[in-house]
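Enquirer: mind folding the following:
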Amino acid sequence: MLVPRIPLVDQQKHRFHKYVRGKNMLKSVRQDERVYVCDFSLLIFDEVHHCVKEHPYNILMQTVHDYQGPKPQTMGLTASLGVGMATSDESGMASIYELMANIGATSLASVKRHLDILEQYVPKPVDTTKKVDRPPMEKSPFLRAVINIMEKIQRDIEPQLKKLTQDNQTSYKLSKEEVKFEDPLATEKYIQKVNTLTTTLGRIRSGDFKFEPSIALEYLGVLSQGISINDLMPARYALEYLTRNLRELSKKFEVECSQRFYQYFAQNEGTSKKSTEYGQTKEEQQRALDDFSRGKKKVLIATAVVEEGLDVSTCNLIIKYNSSSNAVQRVQRRGTTYVFSFRIVYPP
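Expert: Okay, the predicted model is just below:
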């Protein structure tokens, strides 16, 4: 059996008492020619809806398809096939057929005759949406101060951004809508606008048009993230985030002369903080799940990894912040084992 995520390896291994491997392990040993396709008689892919594009599942199956000798049987398990970006029944079915072709499946089966037995083991959650309003501006001096700073930065770079809406020596001419900022309180749209402008400015070679706006956009991105944190937690956490990140930006953009300024952007454009800084090892993930299952910990804070196949049978309440999941993810949550009568709350 192959699984797409590390926490699922131990869980499925203990459940089925068989060999369970992560998605990349078999791919790696196959590339080193330590195992061969003919060594296997059956491959079971858990969460098979991942078997698309450049996912290790699909790369492994391409090797199986290309093999000229006896091929193993393949079976895919998933709570939700998904239809990609399909907007019609025909394109949706085409997406499903493509997935079946990737896995080498000749038939598609789901539970029909024994739904009552399935419902005994897989309870359906009760979804609840709770409307949570942002505190009024007059009652949040921190929020008011952050927005005032953002609006001042926007006014400062507005003349330079407007130059890009006119004929200029760069190959880019933007519309007025493209350089118009969103409402700072609409944090998701605002951050998206900042990212789009940052990408556009990154393609411009002329420093006169991009250096100061690029710096300003980085500050605006950090300030907008501070508003998002303030929406969910006490203001002191947002202040700590802003203090730490604004100090880092200040050090980043310290320059001694314009030449160093040019060199810095030429060498460092597009770099990012490594994503592994806040990650957990496999042992830390398993320890957190075990402590929660035994009741040693009452609250488990996790990313969407916990929604896909993990058995968190002691959980009776899920609170999803900034939830933007699609139909596939909602069905995946239903396929995860929790206690009966558990609830899912979505603060918008």
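
Enquirer: just name the shakiest helix or strand of the chain by mean pLDDT.
Expert: helix 258-268 (a mean of 44; mean pLDDT, DSSP states H and E).

Enquirer: immediately after that one, which helix or strand?
Expert: Going down the chain from helix 258-268, the next helix or strand is helix 282-293, by DSSP states H and E.

Enquirer: which other helices and strands does that next one contact?
Expert: Counting contacts by 3 or more Cβ pairs under 8 Å, 6 or more residues apart in numbering; DSSP states H and E, helix 282-293 packs against helix 6-16. For glycine as for every other residue, the C-beta is placed from the backbone atoms N, C-alpha and C.

Enquirer: what average pLDDT does the helix it packs on get?
Expert: Per-residue pLDDT over helix 6-16 has a mean of 60.

Enquirer: same question, stretch 180-192
Expert: For stretch 180-192, the mean confidence score works out to 89.

Enquirer: same question for stretch 110-119.
Expert: 86.

Enquirer: same question, stretch 227-238
Expert: In the prediction, stretch 227-238 has an average pLDDT of 89.

Enquirer: hey, C-alpha coordinates of it in PDB?
Expert: C-alpha atoms of stretch 227-238 as PDB (Å, rounded to 0.1, in the frame of the first residue of the first chain):
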ATOM      1  CA  ILE A 227      -4.400  42.500  10.100                       C
ATOM      2  CA  SER A 228      -5.200  38.900   9.400                       C
ATOM      3  CA  ILE A 229      -3.600  37.800  12.700                       C
ATOM      4  CA  ASN A 230      -5.500  40.600  14.500                       C
ATOM      5  CA  ASP A 231      -8.800  39.300  13.200                       C
ATOM      6  CA  LEU A 232      -8.200  35.900  14.800                       C
ATOM      7  CA  MET A 233      -6.100  36.500  17.900                       C
ATOM      8  CA  PRO A 234      -5.400  39.300  20.500                       C
ATOM      9  CA  ALA A 235      -3.700  42.400  19.100                       C
ATOM     10  CA  ARG A 236      -0.500  41.600  21.000                       C
ATOM     11  CA  TYR A 237       0.200  38.600  18.700                       C
ATOM     12  CA  ALA A 238      -0.200  40.700  15.600                       C
END
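
Enquirer: show residues contacting that stretch.
Expert: Contacts to stretch 227-238, defined as Cβ atoms under 8 Å, 6 or more residues apart in numbering, come from residues 134, 140, 142-143, 146-147, 184-185, 187, 226, 241, 321-322.

Enquirer: please redo it, this time with the cut-off set to 7 Å
Expert: R134, F142, L143, V146, P184, T187, G226, Y241, Y321 (Cβ atoms under 7 Å, 6 or more residues apart in numbering).

Enquirer: quick one: the strands in the stretch 51-200 of the chain, in order.
Expert: 73-77, 126-129 (DSSP state E, counting those that start in this stretch).

Enquirer: ok, which of those strands comes nearest K282?
Expert: strand 73-77 (22.2 Å; Cβ to Cβ).

Enquirer: picking that back up, worst mean pLDDT among the strands of the stretch 51-200 of the chain?
Expert: strand 126-129 - the lowest mean pLDDT of the strands of the stretch 51-200 of the chain, at a mean of 76.

Enquirer: of all the residues in that strand, which ones are buried?
Expert: Residues of strand 126-129 include none that count as buried (16 or more other Cβ atoms under 10 Å).

Enquirer: just stretch 38-45 next, same as before
Expert: L43, I44, F45.

Enquirer: do the same with stretch 176-189
Expert: V179, F181, P184, T187.

Enquirer: how far does it stretch from one end to the other?
Expert: End-to-end distance for stretch 176-189, by Cα to Cα, to the nearest Å: 17 Å.

Enquirer: what lies in contact with that stretch?
Expert: Under Cβ under 7 Å, 6+ apart, the answer for stretch 176-189 is I147, M150, Q154, L161, K162, L164, T165, Y190, K193, S224, I227, S228.

Enquirer: same check on stretch 88-100?
Expert: H49, C51, V52, L81, V83, G84, A86, L108.

Enquirer: which parts of that stretch are buried?
Expert: So for stretch 88-100, counting by 16+ other Cβ under 10 Å, buried means G92, S95, I96, L99, M100.

Enquirer: between those, which is nearest L174?
Expert: Of these, the one sitting nearest to L174 (Cβ to Cβ) turns out to be S95, at 34.8 Å.
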